[in-house]
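Engineer: Next come a sequence and a model predicted from it.
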Amino acid sequence: MPRTLFYIGTASCLFVALSAAASLAGQLDGAPASFLAVHAHEVGGGAAAVWAMMIALLAAMGMAAILVRMAALLAARNLFGAFLALFSVGATVVSLTGVVLLQSRMLVLVRRHGTPGADLSEMHFAAVLTLAYFIGLSLLALRPYFRIQTSRLLSGLVLVPLPLFFLMLIHEVFMTTPPALLPAATPASFAFLGMVAVLAFAIAVHCVRHRHMFLEMTNLRELLQPRVDRTPRPLAFDA
């Protein structure tokens, strides 16, 4: 893994952890969860929203690079888990890209009409739930890596986000209120954001502590082949 990409990915993990923690703190204080594009007319005419979208895309690519590297290290022991991790990480990046593109469309509508349409709100709601699902699935797929390389606590924590997502989904299915841009603020959503923040910070710390595994070249053939030299050696009396 290139050294520059490694440090960008580690910084992206810290950025995701701080963003999730800030969103959780805002919801606990009673602030409604909303996209920055909705309030674009209040924060610099939309310039801040555009920069936030670009930073979100860059942070997603950086953290995805770290998770893909973990999947590559996992491939020698659990090939199915590695392929599942690659699929879920790729789907997470695609989902986040869809959310960002929908926000850009929302930004245009807010500038023209003041409020986004109902159809766009439903699309945002579905895109955010899809993103949350694939985040939980990515962490679950990488559990074999965490079980081998990290502590039991961290390997157990990666099991939590996906059940929390299903609790959020069940709550939204049985809600009687009209659909909004983001899922409702519930204890399950609070726990999901908190768990994402903790896990992203733990992944960044793990990368810094074990950076040699991410920076050094990995030869899959050397990992799969036994280390015992089976080549025949000449005996002393053969000379």
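Structural biologist: Everything's here; your move.

Engineer: Helices along the chain, start to end?
Structural biologist: Here the chain has its helices, by DSSP state H, at 3-28, 47-74, 79-113, 118-141, 143-149, 152-157, 161-173, 187-209, 211-215, 220-224.

Engineer: Quick check: pLDDT value at the residue nearest to residue 87 when sequence neighbours are not counted.
Structural biologist: Excluding its sequence neighbours, the residue lying closest to residue 87 (C-beta to C-beta, 6 or more residues apart in numbering) is residue 141, at 7.9 Å. From N, CA and C alone the C-beta is placed, and that goes for glycine too. On pLDDT, residue 141 comes in at 88.

Engineer: ok so, going back, dump the helices of the chain to TSV, plus mean neighbour count.
Structural biologist: Shown next, in TSV, are these (neighbours: other C-beta atoms under 10 Å):
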stretch	mean neighbour count
helix 3-28	17
helix 47-74	19
helix 79-113	18
helix 118-141	19
helix 143-149	18
helix 152-157	14
helix 161-173	16
helix 187-209	19
helix 211-215	15
helix 220-224	10
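
Engineer: weakest of the ones you listed by average pLDDT?
Structural biologist: Among those, helix 220-224 carries the lowest mean pLDDT (a mean of 49).

Engineer: so how far is residue 209 from the residue sitting nearest the centre point of the chain?
Structural biologist: For the chain, residue 135 is the residue whose C-alpha lies nearest the centre (C-alpha atoms, centre = their mean; 5.0 Å). The spacing between residue 135 and residue 209, counted by C-beta to C-beta, to the nearest Å, is 23 Å.

Engineer: what do you get for residue 188?
Structural biologist: Taking C-beta to C-beta, one finds residue 188 at 31 Å from residue 209.

Engineer: Return the residues in contact with residue 13.
Structural biologist: The contact partners of residue 13, taken as C-beta atoms under 8 Å, 6 or more residues apart in numbering, are 62, 63, 66, 200, 201, 203, 204, 207.
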